[in-house]
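> below is the sequence, then the predicted model.
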Amino acid sequence: MSASGTTNTTRRSSLFAWALALPMPVWQTLFFVAALLFLVVMSFWSVQNFRVTPDFTFDNWAKIYSAGYFRVTYVRTVLYALLAATLASLIAFPCAYGLAFKASPLMRRIVVASLIMPYFTSYLVRANSWKILLTDQGVINSVLGTVGLGPLPMTSNLFAVMIGYLTLILPIVILLQYFSLANVDRRLIEAAHNLRCGRVRTVFQVIIPSARTGLILAATFAFILSFGDFVSPSFLGNNKPPTLSVLMVDAVKSGSQWPRAAVVALTMVATLLLVAFLAMNFAYGEKRKRS
């Protein structure tokens, strides 16, 4: 084949590759970058007679950031997301470890399928199901009442919110941890056992460091989903106390304050971008140092 023919083939392959990759940047531009820019612009608009009016004012930013309730709600939302990510990571690890190192191939397939199936139904439906189970007249308190322990307050509190968060994030955290643990080099584990390293010590000194990147990313994903969730704080927690997502919805309902809701949304986006950046740096920083 001549040089010109090789060049044309290479050019066609390059154009084909760009055509395949084009939908992703277009999607990101339309539904993330453009939407984010619109939120930035809207945050400087004003509301007059319950109508959003194009403007350029910093009043929305000043009123939101000077409000004590916003600072309290922000800290609460971060702490709730951290707690949910921590609980999900701790609960998921034994399950993921058993799948990766103890379960048979058939059992792995069954469990993985069962972890994916909850996402076939609406998260709102699952949260409402928990609300039915956790009420004072629900199934759980009815059972506890038969042994003289109920009813216990299981809704409109932190416990209910965490149940909702775990319903959303736990299956996917287990899957992410499992995929990370499944890729751990078995030769490192065998070497640790040959050096008379106990099982617990092997887990903490060999397996967890080897799967460090995947474990951190799973916890980060759990934090991101919990931080922005509206369903659990609203339907299970009954907005008592509210989180940032609830605060954002309330801003829209009270006087159509879309600009102030945009300020809250931009604050949430900035927080999640910062958390994602720090998590990626922590997850991959050690590898960059070694290389």
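Right, received. Where do you want to start?
> and the residue most central in space within the chain, how far is that from Leu266?
Nearest to the geometric centre of the chain sits Leu225, at 2.4 Å (C-alpha atoms, centre = their mean). Distance from Leu225 to Leu266, counting by C-beta to C-beta, to the nearest Å: 19 Å. From N, CA and C alone the C-beta is placed, and that goes for glycine too.
> on that earlier part again, what residues are up against the residue nearest to the centre of the chain?
Leu225 makes contacts with Tyr165, Leu168, Ile169, Ile172, as judged by C-beta atoms under 8 Å, 6 or more residues apart in numbering.
> ok, so what distance separates the closest residue to the last one other than its chain neighbours from Ala88?
Excluding the flanking residues, the one nearest Ile172 by C-beta to C-beta, 6 or more residues apart in numbering is Phe221, at 6.8 Å. With the distance defined as C-beta to C-beta, Phe221 ends up 9 Å from Ala88.
> could I get the buried residue list for stretch 233-252?
233-238, 241-249, 251 (16 or more other C-beta atoms under 10 Å).
> same question, stretch 136-154
Gly138, Ile140, Asn141, Gly150, Met154.
> and for stretch 122-139?
Buried-residue list, stretch 122-139, by 16+ other C-beta under 10 Å: Tyr123, Ala127, Trp130, Lys131, Leu134, Thr135, Gly138.
> list the contacts of it.
Residues contacting stretch 122-139 (C-beta under 8 Å, 6+ apart): 118, 140-141, 150-151, 153-155, 160, 163-164, 167-168, 231-232, 235-236.
> repeat that for stretch 39-59.
Asn60, Trp61, Gly255, Ser256, Gln257, Trp258, Pro259, Ala262, Val263, Ala265, Leu266, Val269.
> and the nearest residue to the fifth one once chain neighbours are set aside, what element?
In this structure, Gln257 finds its nearest non-sequential neighbour in Ala251, 4.4 Å apart by C-beta to C-beta, 6+ apart. Counting by DSSP states H and E, the element that carries Ala251 is helix 244-253.
> repeat for Val52
Using DSSP H and E, Val52 falls in strand 51-53.
> what pairs with that strand, and is each one parallel or antiparallel?
strand 46-48 (antiparallel) (DSSP bridges).
> okay, the residue nearest to Gln257: pLDDT?
Ala251 carries a pLDDT value of 88.
> just Pro153 next, same as before
Pro153 is given a pLDDT of 87.
> hmm, back to that, which element follows the strand holding Val52 toward the C-terminus?
helix 59-66.
> please tell me how far the residue lying closest to Ser46 once chain neighbours are set aside sits from Val47.
Distance criterion C-beta to C-beta, 6+ apart; nearest residue to Ser46, sequence neighbours excluded, is Asp55 at 4.2 Å. Asp55 is 9 Å from Val47, where distance means C-beta to C-beta.
> which residue of these two possesses the greater neighbour count?
For the pair Asp55 and Val47, the greater number of neighbours falls to Val47 (17 against 13), based on other C-beta atoms under 10 Å.
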